[in-house]
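**Student:** Based on what follows, work out the 3D shape:
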Amino acid sequence: MTVRLTVQGHVSAELVEWLAPLEADGEAAGDTVLRGTLPDQSAFHGLCNRIRDLGLPLLELTASRKDVEP
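**Tutor:** Numbering: from 1, shown residues only. Down below sits the predicted model:
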């Protein structure tokens, strides 16, 4: 599953390490874009819980799963 999250404000390098395997990019507006690949739905929910626990205001979330062949 590929995810892209935008959170309000700057996320420190220490917090980005805690959000591994995501990588962070800053935006001109001062927000932070986190993107990466997660192995499954459970990891996605765990990530959402970490974002909540850190108190990071979530501005945008995009998730897409890898195509599965029949």
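
**Student:** Give me the buried positions along the longest helix anywhere in the chain.
**Tutor:** Taking DSSP state H as the criterion, the chain has its longest helix at helix 41-54. Using 16 or more other C-beta atoms under 10 Å as the test for burial, helix 41-54 gives 44, 47, 51. Every C-beta, even on glycine, is put in place using the N, C-alpha and C of the backbone.

**Student:** mind listing what the first one touches?
**Tutor:** What it means is residue 44. Going by C-beta atoms under 8 Å, 6 or more residues apart in numbering, residue 44 touches 1, 3, 38, 63.

**Student:** On the pLDDT front, check it for me.
**Tutor:** pLDDT recorded at residue 44 is 90.

**Student:** Could you grab the helix/strand/coil label for residue 3?
**Tutor:** Three-state call for residue 3 (DSSP: H, G, I helix; E, B strand; the rest coil): strand.

**Student:** pLDDT wise, what is it at?
**Tutor:** The per-residue pLDDT reported for residue 3 equals 94.

**Student:** Also residue 48?
**Tutor:** 90.

**Student:** now it: how far from residue 61?
**Tutor:** Residue 48 is 8 Å from residue 61, where distance means C-beta to C-beta, to the nearest Å.

**Student:** Please name the bridge partners of the residue lying closest to residue 51 once chain neighbours are set aside.
**Tutor:** Leaving out its chain neighbours, the residue that sits closest to residue 51 by C-beta to C-beta, 6 or more residues apart in numbering is residue 58, at 5.9 Å. Taking DSSP bridges as the rule, residue 58 bridges to residue 7.

**Student:** and residue 21, what is it in contact with?
**Tutor:** 36, 37, 38.
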